[in-house]
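*Asks:* What shape does this take:
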Amino acid sequence: MMFANVTWEEPTAEDNSKVPPRKTIRMILPDQTERETKAVKFPYKFCIGITKVQYIFSDEVKLETSCSFSVEVKGK
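*Replies:* Numbers count the residues shown, from 1 in each chain. Next comes the predicted model:
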């Protein structure tokens, strides 16, 4: 199986309470498997296909905001 190592600038969020929001990273892999984590170690290894990456930030009262993007790895 072929892979690509990818690095990106992580999104951030702030809350008016000055308490840092909780960060969750959700990935939907090319085979539709879902993976959830609190941190990503760079460079991150992606397999061939399209992976959706979503950063979700939530505060103490459960308000949320998110940022998402897709990473496409093409085979040769």
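*Asks:* Neighbours of the closest residue to I50 other than its chain neighbours, how many?
*Replies:* Computed as CB to CB, 6 or more residues apart in numbering, the closest residue to I50 that is not its neighbour in sequence is E72, at 4.8 Å. Any C-beta I mention is one placed from the backbone N, CA and C, and that applies to glycine too. Residues within reach of E72, counting by other CB atoms under 10 Å, total 11.
*Asks:* tell me the pLDDT at E72?
*Replies:* For E72, the pLDDT comes out at 96.
*Asks:* in which helix or strand would I find it?
*Replies:* strand 64-73 (DSSP states H and E).
*Asks:* Output that strand in CSV with nothing but the alpha carbons.
*Replies:* Extracted in CSV, the C-alpha atoms of strand 64-73 (Å, rounded to 0.1, in the frame of the first residue of the first chain):
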residue,chain,number,x,y,z
GLU,A,64,-18.9,24.0,19.2
THR,A,65,-17.2,25.2,16.1
SER,A,66,-15.3,23.2,13.5
CYS,A,67,-13.0,23.4,10.6
SER,A,68,-12.6,20.6,7.9
PHE,A,69,-10.6,19.8,4.8
SER,A,70,-9.8,16.9,2.7
VAL,A,71,-6.5,15.3,1.8
GLU,A,72,-6.2,13.4,-1.5
VAL,A,73,-3.3,11.0,-2.0
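*Asks:* and the residue nearest to I50, what is it in contact with?
*Replies:* With contact set as CB atoms under 8 Å, 6 or more residues apart in numbering, E72 has these partners: 49-51.
*Asks:* Weed out the non-buried ones from those.
*Replies:* T51 (16 or more other CB atoms under 10 Å).
*Asks:* Go through the contacts of E72 and name the one nearest E64.
*Replies:* Nearest to E64 out of those is T51 (CB to CB; 21.3 Å).
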